[in-house]
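*Asks:* got a predicted model here, sequence first, then my questions.
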Amino acid sequence: MSDQHSSAAAASTDKPDAEALARLVAEADTGGREPRSKAARTVLFMTALAWALFQLWYASPLPFQLRIGVFNATEARAIHLAFALFLVFAAYPATRKAPRDYVPWYEWLLGLLAAGCSLYIFLFQADLARRPGLPTSVDIVVAVIGVVMLLEAARRALGPALPIVGILFLCYAFFGPYLPDLFAHRGASIPRAATQYWLTSEGVFGVALGVSTAFVFLFVLFGSLLERAGAGNYFIKVAFALLGHFRGGPAKAAVLGSAATGLISGSSVANVVTTGTFTIPLMKRVGYPPVKAGAIEVSASVNGQILPPVMGAAAFLIAEYVGIPYSEVVRHAIIPALLTCISLFYVVDIEARKYNLTGLPRKRYRSRLMSVALFGMTAAAFVIFCWFVGIALGWTRDVFGPAASWAVAIGTLLLYLALLAARARFPDLDDDDPNNPDLVLPDTAKVAPTGIHYILPVFILVWCLMVEELSPGLSAFYGTCALIFLVVTQKPLIALFRRQRDVLAPLRAGFVDLLEGLVTGSRNMVTIAIATAAAGIIVGTVALTGIGLVMTEIVISISGGNLLVMLLMTAVICMVLGLGMPTTANYVVVATLIAPVIVEVAALNGLAVALVAVHLYVFYFGLMADVTPPVGLASFAASAISRADPVRTGVQAFRYEMRTAILPLIFIFNHQLLMIGVTSWWGLGLTVLMSLIGMLMFVSVTQQVFISRSRIWETVMLLVASFMLFVPGQVMDRIVPPTIPAPASEIAERAAQVPAGQFLTVEFSGIDISGNDYNRVVRLPMGEPADGATRLSNAGIQVVEFAGEAQVTNVRFRSQAERLGVVIGDTVSAVMVTNPNRPPQELIFIPALLLIGAVAGLQWRRRAWDQPGMPRKREATSPAS
């Protein structure tokens, strides 16, 4: 059946297999084994619950206040990994033929053995610290068994790709003396490797696992509890109530619903199944072909993973690797995320126009203008909410002083009670059947008030992060505590407001929801914990062998030093590695190996690239693997629902996701999309507006549709216009240089003049280990206003000026300067300052908009869609029609 002529209706036998979908999600996220034995189920349940309670205790301030149960970072990581390893061997079958309905005795033993190897670090940490680099025979045996068990756990939970990569890196570490000259190194002995990979924090128990332990778990737990409270169903209902009646409404609702659930989910597959079981049949019902219905849901669900604050757990890793606060990562990532989500609305609208589709009927009809106004008000409410948290509540500190947090907590509690009192006046939301022939969309006015209270825990989380400026872990703890209170109390309070006599039953149901949410959060964390631990093997090998320098030479040699070729190579590497890895592990591996290379090649090309832009670039392309055939799990999940070919679904989804794939290339060259270099609100607004227009024009290019079908030369015009809107600075640079060199002796003076939060561009020169001269251009973050020397020191370097020259005398460990490749002994060649004679780059917007206007004028004359060869109008029909 072709896309053009596939039936809009699905037979009753075309309903997705709920059990198969549940099994797919379980195998991808929580394990495919569901034992029938009550004892085995109890052990799994209690282990997952204990893990969640341990993580809550570790994140809370109580251990330090009570001075009991205080764990240092290494101890917490060891316990964290022990829980994950035990659950993997108990819940993930070794092979496809392994039993699913019971846990064999040897799996329990393997789980205990693996957990014991991890707990060895916790139990004997003091002894290991007293003999650094001198492991005993027992230490070596435990380390070897631990690494082997970790690789096996990764194979079960994540597939073969990550273990294979890990084994290759282990082989590289041991067989260094036997490799060709370029790859050769001294090699590692068994005791040295055991110390590196298992007994210290340089390998498995390194930064990545530390982020998983300290931050990621609580955010995943937060999402799990929010879903258990009913927020996922509420978000989907609100999305359909707002958008379901528009042209191609179910697809637009899928975009909004998946974006909302992506805020609380850390899995693209879970996103697809959560929203797709409802949205995909409805998309098919109004006329979308099965392949495109599945592809739209895949694109929407994957885009949910790039939306802050969760970002598939990568935001915390980015913050750690780049060395910036988590709130800064959120600020840098928000505009690209919004651009890709908004542009997906345009994609589905174009598809709806192609097929002349209608929306779904609703009980109360409003005028189109009123519906658009309602949707706009909803979007504005979210923006106002963020502004209210970040700015408007700042007055509470002036009024209440140290008691501001208590005042906000009491105010939030009173608001919670008021919202629940209003919620009690409306019926509970039921799960709708998308195959029901009598389905009509609910009234927004009746759906929206039923879940506004779900925003309050998010408010607490954002308040702690942005206003209180607490750590991500402590912020997530307080947000999770608020959510725990909501899960337990919402049902009994609603019963009280409805004046029901039986309150104990809703209270018991609340505690059941709490326990199930805690257990589900732990089960969802298993793959992330294993992925970050296994990725530590690669990180440890890089530190042990210096393969990072080898990768730099290889990539520079293959790319010929061309930055664009280097970026495309990196994109391919991310997608290939990601075919069998979760996004988190893929990011850790590529960020460790390739991100420093991109910075190096960019600096050699005279382009100062912000480090956060490089890491976001790696993260975005790692996500593409969830879409790309032949292993894109999100595409397989969607095709299981739509009953379409998974490879064709993946290819179509990747075509939709080309707009997301182009974004990283854009913000590498235009940092303003990451709010870097933006000095005014109007400048930010203009950048966002022009980038959005450019994104919509790029979508028109990929879909070959603007106002009507685009001809080849019109497509070229739109592509040129979108490029000019995306990177106006690159175009203007070809006309007038953006910067001019200032004397190196002025570096301190220029550093003092940089506005707060902006960057100083400096050219360094030096001699590499091969004796070759080099010039490197880097962007050093200047932070808060201060004198020049202080701001340079905060960026990580100390500079001494003598006889008109400036030389780097110190580079602070793990500073931004070190990560950007600055080394002791480098000479400051020049300080790059803005060229005063350069016209504003915004002038490039004018010819770009004129090109778009010309194409629009040409296509308006032939805008009719109902012409020979185009599909006829399709009305919403029942699945059996």
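*Replies:* Structure received.
*Asks:* in a helix, residue 96, correct?
*Replies:* No: with the criterion set as DSSP: H, G, I helix; E, B strand; the rest coil, the secondary structure at residue 96 is coil rather than a helix.
*Asks:* the closest residue to residue 644 other than its chain neighbours: how many residues sit nearby?
*Replies:* For residue 644, ignoring the flanking residues on the chain, the nearest one in space by CB to CB, 6 or more residues apart in numbering is residue 290 at 3.9 Å. Quick note: C-beta positions are derived from backbone N, CA and C, even for glycine. The burial metric for residue 290, expressed as a neighbour count using other CB atoms under 10 Å, is 27.
*Asks:* what score does residue 290 have for pLDDT?
*Replies:* pLDDT, residue 290: 88.
*Asks:* ditto for residue 268
*Replies:* Note for residue 268: predicted pLDDT of 69.
*Asks:* so the residue nearest to residue 644 makes contact with residue 641?
*Replies:* No: Residue 290 lies out of contact with residue 641 (CB atoms under 8 Å); the separation is 9.2 Å.
*Asks:* the helix or strand harbouring residue 106: which residues count as buried?
*Replies:* With elements taken from DSSP states H and E, the one containing residue 106 is helix 105-123. Going by neighbour count (16 or more other CB atoms under 10 Å), the buried part of helix 105-123 is 107, 110-112, 114-122.
*Asks:* try stretch 84-101
*Replies:* By neighbour count with 16+ other CB under 10 Å, stretch 84-101 contains the buried residues 84, 85, 86, 87, 88, 89, 90, 91, 92, 93, 100.
*Asks:* now those in a markdown table, with pLDDT, distance to residue 197 and secondary structure?
*Replies:* Written out in a markdown table, the entries for the buried residues of stretch 84-101 read as follows (pLDDT from 0 to 100; distance: CB to CB, whole Å; DSSP: H, G, I helix; E, B strand; the rest coil):
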| residue | pLDDT | distance to residue 197 | secondary structure |
| --- | --- | --- | --- |
| 84 | 95 | 17 | helix |
| 85 | 96 | 15 | helix |
| 86 | 96 | 20 | helix |
| 87 | 94 | 22 | helix |
| 88 | 94 | 18 | helix |
| 89 | 94 | 20 | helix |
| 90 | 92 | 24 | helix |
| 91 | 91 | 25 | helix |
| 92 | 90 | 22 | coil |
| 93 | 90 | 27 | coil |
| 100 | 83 | 32 | coil |
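*Asks:* of these, which is the nearest to residue 684?
*Replies:* Sorting the buried residues of stretch 84-101 by distance to residue 684 puts residue 84 at the head of the list, at 41.4 Å, by CB to CB.
*Asks:* that closest one contacts residue 529, correct?
*Replies:* Yes: in this structure residue 84 lies within contact range of residue 529 using CB under 8 Å: 3.7 Å.
*Asks:* ok so, going back, check which helices and strands the helix holding residue 106 sits against.
*Replies:* helix 73-91, helix 137-158 (3 or more CB pairs under 8 Å, 6 or more residues apart in numbering; DSSP states H and E).
*Asks:* quick one: stretch 594-605 to chain centroid distance?
*Replies:* Averaging C-alpha coordinates over stretch 594-605 and over its chain gives two centres that are 23 Å apart (CA atoms, centre = their mean, to the nearest Å).
*Asks:* again but with stretch 106-121, I slipped
*Replies:* 31 Å.
*Asks:* so for it, mean pLDDT?
*Replies:* Stretch 106-121 carries an average pLDDT of 95.
*Asks:* give me the neighbour count for residue 430.
*Replies:* Residue neighbour count, defined by other CB under 10 Å, stands at 8 for residue 430.
*Asks:* how much space between it and residue 520?
*Replies:* 21 Å (CB to CB, to the nearest Å).
*Asks:* so residue 742 sits against residue 829, correct?
*Replies:* No: using CB under 8 Å, residue 742 makes no contact with residue 829, being 10.9 Å away.
*Asks:* between the two, which is the more surrounded one?
*Replies:* The neighbour count for residue 742 versus residue 829, taken as other CB under 10 Å, is higher for residue 829 (18 against 15).
*Asks:* does the more buried one count as helix, strand or coil?
*Replies:* Taken by three-state DSSP, the conformation at residue 829 corresponds to strand.
*Asks:* now do the contacts for the closest residue to residue 757 other than its chain neighbours.
*Replies:* For residue 757, ignoring the flanking residues on the chain, the nearest one in space by CB to CB, 6+ apart is residue 783 at 7.1 Å. Listed by CB atoms under 8 Å, 6 or more residues apart in numbering, the contact set of residue 783 reads 756, 757, 791, 794, 795.
*Asks:* over to residue 783: give its phi and psi.
*Replies:* The phi and psi torsions at residue 783 (degrees, to the nearest 10) take the values phi 70, psi -150.
*Asks:* any idea how far residue 142 is from it?
*Replies:* As defined by CB to CB, residue 783 lies at a distance of 44 Å from residue 142.
*Asks:* what does residue 769 give?
*Replies:* If you measure residue 769 against residue 142 using CB to CB, the figure is 37 Å.
*Asks:* settle it for me: which of the two has more neighbours?
*Replies:* residue 142 (22 against 6).
*Asks:* that one contacts residue 117, correct?
*Replies:* Yes: under the criterion of CB under 8 Å, residue 142 makes contact with residue 117 at 5.3 Å.
*Asks:* what sits in contact with each of those two?
*Replies:* Taking CB under 8 Å, 6+ apart as the contact rule, the neighbours common to residue 142 and residue 117 are residue 198.
*Asks:* ok, residue 420 - contacts?
*Replies:* By CB under 8 Å, 6+ apart, the neighbours of residue 420 are 453, 490, 493, 494, 497.
*Asks:* what's residue 422 in contact with, if anything?
*Replies:* Residues touching residue 422, when contacts are defined by CB under 8 Å, 6+ apart, comprise residue 449.
*Asks:* so which strand or helix has it?
*Replies:* Per DSSP H and E, residue 422 falls inside helix 404-423.
*Asks:* for that helix, C-alpha coordinates in CSV please.
*Replies:* In CSV, the C-alpha atoms belonging to helix 404-423 read as follows (Å, rounded to 0.1, in the frame of the first residue of the first chain):
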residue,chain,number,x,y,z
ALA,A,404,11.5,33.7,51.7
SER,A,405,11.7,29.9,51.0
TRP,A,406,9.2,29.2,53.8
ALA,A,407,6.9,31.9,52.4
VAL,A,408,7.0,30.4,48.9
ALA,A,409,6.4,26.9,50.3
ILE,A,410,3.4,28.1,52.3
GLY,A,411,2.1,30.0,49.3
THR,A,412,2.5,27.0,47.1
LEU,A,413,0.7,24.8,49.6
LEU,A,414,-2.3,27.2,49.8
LEU,A,415,-2.4,27.4,46.0
TYR,A,416,-2.3,23.6,45.8
LEU,A,417,-5.3,23.3,48.1
ALA,A,418,-7.2,25.9,46.0
LEU,A,419,-6.4,24.1,42.8
LEU,A,420,-7.5,20.8,44.2
ALA,A,421,-10.8,22.4,45.4
ALA,A,422,-11.4,23.6,41.8
ARG,A,423,-10.2,20.2,40.5
